[in-house]
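K.L.:
below: sequence and its predicted model.
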Amino acid sequence: MSPMRIEPAVLDDLEDLAALLVDAVDGGASVGFLAGVTTGEAAHFWRTALVHQTWVARSGDRLVGCVQLLPAKLPNGAHRAEVAKLLVHRSARGAGVGSALMAHLEQEARAQGRWLLQLDTETGSPAEGLYVRLGWQQLGVLADHAVRPQGGLAPTTFLWKRLSAGVP
């Protein structure tokens, strides 16, 4: 894989983000969509989702991953944010893309004073293993929380992480 760079997503990334989302769902990732999601449906999602802070990982000219930071909006949550849509193309998995995206997101969150992060992922998924390796703590598991892309209910693990810098 070419050297990787991480940068903010832009509207010109819509087609690549849509393809990335379809690849994730086709690979069985429980990311909110069901099997058969079209690139048109995925592009529609990203058109509205890009209002959130989104970063993409590129290897050469190829978009190979993305992640989003969704800061809490109410005053009592100014210190926290949710992590969403960590996606890595199946052809780029195992090359450190997910770890690099999460490190970048954590750096950006700290810079914004967001030192408490939360996320959810399918229990037992490769993503859950990644988050645990990166120091995330399990809050709990909710049975039957989401429908897998190919059907059937799956439990969801809720995780959190307190970032070292910025904690009062």
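P.N.:
Thanks, I have it. Numbers count the residues shown, from 1 in each chain.

K.L.:
what segments of the protein are strands?
P.N.:
Per DSSP state E, the chain carries strands over the ranges 4-8, 53-59, 62-71, 80-88, 116-122, 137-147, 153-162.

K.L.:
could those strands be laid out in CSV, adding mean neighbour count and mean pLDDT?
P.N.:
(C-beta placed from N, C-alpha, C; glycine too.) What follows is these, written out as CSV (neighbours: other C-beta atoms under 10 Å; pLDDT from 0 to 100):
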stretch, mean neighbour count, mean pLDDT
strand 4-8, 14, 97
strand 53-59, 20, 97
strand 62-71, 21, 98
strand 80-88, 22, 98
strand 116-122, 20, 97
strand 137-147, 13, 96
strand 153-162, 17, 97
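
K.L.:
which one of those lies closest to residue 96?
P.N.:
Closest of the strands of the chain to residue 96 is strand 4-8, at 7.6 Å (criterion: C-beta to C-beta).

K.L.:
next, the angle from that closest one to strand 53-59.
P.N.:
With axes from the mean of the first three to the mean of the last three C-alpha atoms, to 10 degrees defining the directions, strand 4-8 sits at 160 degrees from strand 53-59.

K.L.:
most centrally placed residue in the chain?
P.N.:
Closest to where the C-alpha atoms of the chain average out (C-alpha atoms, centre = their mean) is residue 86, at 1.9 Å.

K.L.:
ok, it - contacts?
P.N.:
By C-beta atoms under 8 Å, 6 or more residues apart in numbering, the residues touching residue 86 are 65-67, 98, 101-102, 119, 127.

K.L.:
and of the residues you listed, the nearest to residue 112?
P.N.:
residue 67 (14.7 Å).

K.L.:
correct me, but that closest one touches residue 101?
P.N.:
Yes - using C-beta atoms under 8 Å as the test, residue 67 is close enough to residue 101 to be in contact (4.3 Å).

K.L.:
which residues are common contacts for these two?
P.N.:
Overlap of the contact sets of residue 67 and residue 101 (by C-beta under 8 Å, 6+ apart) consists of 55, 86.

K.L.:
and for residue 105, the neighbour number?
P.N.:
22 (other C-beta atoms under 10 Å).

K.L.:
what of the one 10 residues further on?
P.N.:
A total of 19 residues lie near residue 115 under the criterion other C-beta under 10 Å.
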